[in-house]
Every structure is written in C-alpha cells, then in structure tokens.
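Participant: sharing a model prediction with you, sequence too.
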Amino acid sequence: MASNIDKKERFKRLASSRTTEILKRIRTLSNCSNRSAYDYSEDEISKIFNTIDRIVKEARSKFYFPKTDGEFKL
C-alpha cells in the first residue's frame, strides 16, 4: 500500500498539472472575447460561465463531501 507521503506527492503532481491545464484552457477560452473576430450574446456568455461555475462547485464539494457507496453504517 502506498504511504501517505507517496499519496501526497502523487496528489501534488497530478493536481498541479491538471490545474495548469485547466487554467491554460480558460485563458484560451478568453481569446473568444475578441468582438472583432467573434459574435456572441450575453446569454451565450452566461451559459458558458454558469456551466463552468457549476462544475467548479461540484468539483470543490467532492473534496469536502466525498461520495459514499450508499451503504448505511452506524
């Protein structure tokens, strides 16, 4: 079984690389804000960022309230 140090290092490595990738993608998305190259509505922008916000909240909640297997235990 992996030690706590191995688990911590694996978490740090994966979380760092995945966070970097997400930030890079968000920056790429922001390139679509150029009104001279793209046409979009406020409704479309709201849909995009409402979805992003919802997914971020879901991901955050998994760190605080991990899913259980549904089995009842006392």
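Facilitator: Right, received. Where do you want to start?

Participant: pLDDT at residue 23, what is it?
Facilitator: Note for residue 23: predicted pLDDT of 97.

Participant: typo on my end, residue 73
Facilitator: 71.

Participant: how near is it to residue 65?
Facilitator: Separation of residue 73 from residue 65 (C-beta to C-beta, to the nearest Å): 16 Å. Backbone N, C-alpha and C define where each C-beta goes, glycine included.

Participant: then residue 43?
Facilitator: 32 Å.

Participant: the longest helix along the chain - contacts with which helices or strands?
Facilitator: Looking across the chain with DSSP state H, the single longest helix is helix 4-30. Under the contact definition 3 or more C-beta pairs under 8 Å, 6 or more residues apart in numbering; DSSP states H and E, helix 4-30 sits against no other helix or strand.

Participant: hmm, 10 Å instead?
Facilitator: Packing partners of helix 4-30 (3 or more C-beta pairs under 10 Å, 6 or more residues apart in numbering; DSSP states H and E): helix 42-64.

Participant: residue nearest the centroid of the protein?
Facilitator: In the chain, the C-alpha nearest the mean C-alpha coordinate belongs to residue 56, at 4.7 Å (C-alpha atoms, centre = their mean).

Participant: quick one: contacts for that one?
Facilitator: residue 22 (C-beta atoms under 10 Å, 6 or more residues apart in numbering).

Participant: pLDDT score for it?
Facilitator: 97.

Participant: can you offset everything so residue one is 34?
Facilitator: Okay, using 34 as the starting number, the last item reads as residue 89.

Participant: quick check: it vs residue 95, distance?
Facilitator: Taken as C-beta to C-beta, the span from residue 89 to residue 95 is 11 Å.

Participant: cool, residue 42 as well?
Facilitator: 21 Å.

Participant: quick check on residue 73: phi, psi?
Facilitator: phi -150, psi 160 (degrees, to the nearest 10).
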